[in-house]
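Chemist: Build me a structure from this.
(one chain, ligands or ions: 1)
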Amino acid sequence: MKAINVGVKNARDWRPEENLPLVIDALKGARRVLCTMHRHPDGDALGSALALAAALRELGREVVVYNPDELPYNYRFLAGADRVVRTLSPDERFDATVATDSGAASRLGPDLPDGARRGVFINLDHHITTEPFGDINYVDPAAAAVGVLVHKIIRGLGHAVSRDSAESIYASILADTGGFRYASTDPESLRCAAELLEAGVDPWEMTVRVYEQQPLARMKLLADVLGTLEVAPGGKLATLTITNEMKRRCGSSDELSDGFINHARSIRGVEVAAQFTEPEENAGSNAGSVGGMVCDWRVSFRSRGTVDVASIAQKFGGGGHRNAAGCTIRGSEGELRGFIATEIERALETLAALRS
Ligand SMILES: [Mn+2]
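Modeler: Presented below is the predicted three-dimensional model:
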């Protein structure tokens, strides 16, 4: 995900080609390395960290990978995922600490060692909004995934990319390009992927592991959630609803509903998809009256690209990116649908006025 630059005024000022050799030098001189990533990691954060960790271990370095949270179920097969530690003891010392895909130091885990104990702090990222929190900031907003940066680092270390590293890099690219479908897909990520196949990655095996090992509970929940699909008058807004009752019935949790909203966005004519999720703490208070249930709905938005959903989310006290944003709105589903459809009409009218 990419958004507006707060770290550096001009994306070019990150000077990735000047920072890459600094990272390589720092890692060449490091014996003990900590790899970490943003909390609640996605496929890019985890895949890029595991790829670098595997390569450094192959080069004889002692590597610890740390993240305090549950790893995404569909990336736990990656080599080294079973060795990720959830806590770090306060007396651990490293020669270098590498953070992948993190955006801000505040998104790292609570056990991150302090300045003296973490060694050279290396920030690997492609968020345009990232903060330059590292001693070295290798940030390339043009990169499709942080895995692409890790690929360059491993080659810069003079090391052949192993199959373990290649699979983790490939997973990171799959995650951030939506399987080579999003606008982030570019010649560089496809060239990188080609080299990963040469290093032994089996694309169908990766597809199966990442996309086709879904828990049955997730499919049952999807069936229930698709049953709530509504297209607002005008056809530009499609909504889905997830209640606690549905999750209970399917034996499912929030993490298993990841990506459902894309089904709503994929309908012809729909510009914006919104997903209404009942807050967990709402337990049972309105059970049985889904249609009219009033609560503080967690609302996620996905846009096809024309409407800026970050600005709609901001009107309701939330935020996010142009094509993916979120907020909380109190009301019934019908009311929410009305509020949001009005905002979308307004946004489309403004755009039409600008064009004419
Ligand atoms: Mn990423």
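
Chemist: Around the ion, pick out the residues from the stretch 51-200 of the chain.
Modeler: 101, 176 (CB under 5 Å from the ion). The C-beta positions use only the backbone N, C-alpha and C, and glycine is treated the same way.

Chemist: all strands for the stretch 51-200 of the chain, in order.
Modeler: 62-66, 96-100, 120-125, 136-139 (DSSP state E, counting those that start in this stretch).

Chemist: and among those, the most buried is which?
Modeler: strand 96-100 (a mean of 29; mean count of other CB atoms under 10 Å).

Chemist: would CSV of the strands of the stretch 51-200 of the chain with mean pLDDT be doable?
Modeler: Shown next, in CSV, are these (pLDDT from 0 to 100):
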stretch, mean pLDDT
strand 62-66, 98
strand 96-100, 98
strand 120-125, 97
strand 136-139, 96
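
Chemist: Which residue lies nearest the spatial centre of this protein?
Modeler: Centroid-nearest residue in the chain, with CA atoms, centre = their mean: residue 42, separated by 4.6 Å.

Chemist: Phi and psi next, for that residue.
Modeler: phi -100, psi -170 (degrees, to the nearest 10).

Chemist: The nearest residue to it once chain neighbours are set aside: what's it in contact with?
Modeler: Using CB to CB, 6 or more residues apart in numbering and skipping the chain neighbours, the partner closest in space to residue 42 is residue 175 (5.7 Å). By CB atoms under 8 Å, 6 or more residues apart in numbering, residue 175 lies in contact with 42, 43, 44, 47, 75, 145, 210.

Chemist: I'd like the distance between residue 229 and residue 223.
Modeler: Between residue 229 and residue 223 the distance, using CB to CB, to the nearest Å, works out to 11 Å.

Chemist: Next one: residue 169 from residue 52, what distance?
Modeler: 9 Å.

Chemist: which residues in this protein form helices?
Modeler: 16-28, 43-58, 115-118, 146-156, 163-177, 187-198, 203-211, 216-226, 244-250, 261-265, 309-315, 333-355 (DSSP state H).

Chemist: And residue 66, how close does it get to the ion?
Modeler: 18 Å (CB to the ion, to the nearest Å).

Chemist: what about whatever residue of the chain ends up closest to the ion, how many residues close to it?
Modeler: Residue nearest to the ion within the chain (CB to the ion): residue 44, separated by 3.4 Å. Residues near residue 44, counting by other CB atoms under 10 Å, number 29.

Chemist: I'd say it and residue 148 touch.
Modeler: No - assessed by CB atoms under 8 Å, residue 44 is found out of contact with residue 148, at 9.6 Å.

Chemist: Give me the common contacts of the two.
Modeler: Common neighbours of residue 44 and residue 148 (CB under 8 Å, 6+ apart) are 172, 173.

Chemist: wait, what's in contact with residue 237?
Modeler: Contacts of residue 237 (CB under 8 Å, 6+ apart): 231, 270, 271, 272, 273, 274, 337, 340, 341, 344.

Chemist: Without its sequence neighbours, what residue ends up closest to it?
Modeler: Per CB to CB, 6+ apart, closest to residue 237 is residue 341, 4.8 Å.

Chemist: who's in contact with that neighbour?
Modeler: By CB under 8 Å, 6+ apart, the contact set of residue 341 is 232, 233, 234, 236, 237.
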